[in-house]
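Asker: Sequence first, predicted coordinates after that:
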Amino acid sequence: MLALGTRSVLRPRWARFASTAAPSSYKLVVIGGGAGGLAVSSTLSEKLGKNEVAIVEPATRHYQQPLFTFVGGGLKSLGDTYRPMADVMPPNAQWINQAAATVDPEANTVTLADGSTVSYEYLVVAAGIELNFAGVKGLESAIGKNGVASNYSPKYVEKTFEFLQNVRQGNALFTMPATPIKCAGAPQKIAYLADELLREKGIRDNVTINYYTALGKIFAVDKYANAMNEVAKSRNINVNLFHDLVEVDGPAKKATFKVLGSGPSAGESVTVPYEFLHVTPPMKPFDFIKNSALANAAGFVDVNQYTLQHNRFANVYAIGDCSSLPTSKTAAAAAAQSQVLKHNLLAQIQGSDKPALEYTGYTSCPLVTGKHKLVLAEFSGYSGQPHETFFFNQANEHAFSYWLTADVLPTVYWNSMLKGTWNGPSAIRKFANPTSSN
């Protein structure tokens, strides 16, 4: 294929085999029925024809996870966040309602949870990332009770608002782990909504809100980090950097943090009593990826950061949270990645000499700061620079940004992204921020 520079060269498959009539063999297998997996499979199943694409997905509900913060803050119901998986599956694709157990990229096969095998000519891994509640001592037994909740799981997200309503005094703690996670802004969003709820009840002065992050700054991009530090300061929220949650004692309502970094307290443990504890659990790659030849040293699918093609297996691609792409893991990132992946993979399948598209690292994190207030962070995870869609300064809290996130983007998600027709706001940006002034 033609290239946009050596970093974008798409390598042809080293071998091809004829597809068989067996239902266990497909032109393309997509592992994962999340946002990225469906965005890719919806388009490619139309291009390749009926039953040429199989989607391996064990869940029976599809959740629009960015809405979980609103559920935890009492602004939306859990029912607003999901639809039956059968309703969002592309009509031309074959849904295999099982989990992937192993992948053998040498043999071009996926082994399913029941032991059966599916073969492919091309593979897209879109499996997401696994919540690891067991990664914090005592968390599995405490979560969902003892004042401990998490917006990251549909099983526990409703507990957040329930437990917050019971807070009258003491400490409300919010945590961010050291591991890569999806939607890295969510751990602090709920702290701002909790602050607002407590102020509305007239008891904010009785409650100390502490945000503990294992990282060295409140947000990765300086422009938004500065904005969020100001928001936290204005709400009297204490930000504790380099503090990683390592243990929860539910019955005693105590949380223990390990101090990271290189400061004088590094390596020490700090135990804090709490009345309410919102935990962002550590996250990790799924074992079937980590234990396969697809993985890099960290366990993520090892792909070229520009083309999304695997660095060793030319007929394999990855998208979203399971990939090694060095950018924030968000639905917005997956939307932008999907356009690149679909173009490059389809060109490879068709033997086209079209130039490869490149992914720029674009991602977005809408940082809810209250009812009808939001900082709309948009940036490249590769450059660390803002890449904003609108002409105004998106680091400021705006009611428009809140409306866009809470009311408009959910419709775009269900009606466009999952159907493969939303590739992010790049086309809108040309008109809404033509000079890229901010």
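Answerer: Thanks, I have it.

Asker: For residue 248, list the residues it contacts.
Answerer: Residue 248 sits next to 136, 137, 138, 139, 142, 146, 148, 254, 255, 256, 277, 279 when contact means Cβ atoms under 8 Å, 6 or more residues apart in numbering. Just so you know, the C-beta spots here come from the backbone N, C-alpha and C atoms, and that holds for glycine as well.

Asker: ok, now which ones touch the third one?
Answerer: This points to residue 138. Per Cβ under 8 Å, 6+ apart, neighbours of residue 138: 247, 248, 249, 250.

Asker: And for the third one, the neighbour number?
Answerer: It stands for residue 249. 17 (other Cβ atoms under 10 Å).

Asker: quick one: it from residue 409, how far?
Answerer: Going from residue 249 to residue 409 by Cβ to Cβ, to the nearest Å gives 39 Å.

Asker: Same check on the last one?
Answerer: With distances defined as Cβ to Cβ, the gap from residue 250 to residue 409 amounts to 35 Å.

Asker: Which strands and helices lie in contact with the helix or strand containing residue 189?
Answerer: When elements are defined using DSSP states H and E, residue 189 is found to belong to helix 186-200. Helices and strands touching helix 186-200, by 3 or more Cβ pairs under 8 Å, 6 or more residues apart in numbering; DSSP states H and E, are helix 68-72, helix 157-165, strand 170-176, strand 207-213, helix 222-234, strand 237-240, strand 276-278, strand 362-370.

Asker: Mind doing that once more with 7 Å?
Answerer: helix 68-72, helix 157-165, strand 170-176, strand 207-213, strand 362-370 (3 or more Cβ pairs under 7 Å, 6 or more residues apart in numbering; DSSP states H and E).

Asker: what pLDDT, on average, does it get?
Answerer: What helix 186-200 shows for mean pLDDT is 98.

Asker: can you redo the contacts of residue 138 as a markdown table with pLDDT, distance to residue 382 and secondary structure?
Answerer: Shown next, in a markdown table, are the contacts of residue 138 (pLDDT from 0 to 100; distance: Cβ to Cβ, whole Å; DSSP: H, G, I helix; E, B strand; the rest coil):
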| residue | pLDDT | distance to residue 382 | secondary structure |
| --- | --- | --- | --- |
| 247 | 98 | 36 | strand |
| 248 | 98 | 35 | strand |
| 249 | 98 | 41 | strand |
| 250 | 98 | 41 | coil |
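
Asker: Let me know the closest of the residues you listed to residue 398.
Answerer: residue 248 (35.7 Å; Cβ to Cβ).

Asker: If the closest one is in a bridge, with which residues?
Answerer: residue 255 (DSSP bridges).

Asker: quick one: contacts for the nearest residue to residue 311 once chain neighbours are set aside?
Answerer: Take residue 311 and drop its neighbours on the chain: the residue closest to it by Cβ to Cβ, 6 or more residues apart in numbering is residue 302, 5.0 Å away. Residues near residue 302 by Cβ atoms under 7 Å, 6 or more residues apart in numbering: 294, 295, 296, 310, 311, 312, 324.

Asker: Looking at residue 250 and residue 409, which is more packed in?
Answerer: Using other Cβ under 10 Å as the criterion, residue 250 and residue 409 rank with residue 409 on top: 22 against 19.

Asker: Just the pLDDT for the closest residue to the more buried one other than its chain neighbours.
Answerer: Distances taken as Cβ to Cβ, 6+ apart put residue 66 closest to residue 409, at 7.4 Å, once the chain neighbours are dropped. With respect to pLDDT, residue 66 has a value of 96.

Asker: Residue 436 too?
Answerer: pLDDT, read off for residue 436, is 75.

Asker: State the distance from it to residue 239.
Answerer: 30 Å.

Asker: Looking at these two, which one has more neighbours?
Answerer: Under the criterion of other Cβ under 10 Å, the comparison of residue 436 against residue 239 puts residue 239 first, with 19 against 12.

Asker: Was I right to think the more buried one contacts residue 211?
Answerer: Yes: between residue 239 and residue 211 there is a contact at 5.1 Å, judged by Cβ atoms under 7 Å.

Asker: Output the below-cut-off pLDDT ranges for this protein.
Answerer: Of all residues in the chain, those with pLDDT under 70 make up the ranges 1-23, 437-438.

Asker: Please enumerate the helices of it.
Answerer: Remark: helices assigned in the chain by DSSP state H are 35-48, 68-72, 85-88, 139-142, 157-165, 186-200, 222-234, 287-290, 331-350, 399-403, 409-412, 426-432.
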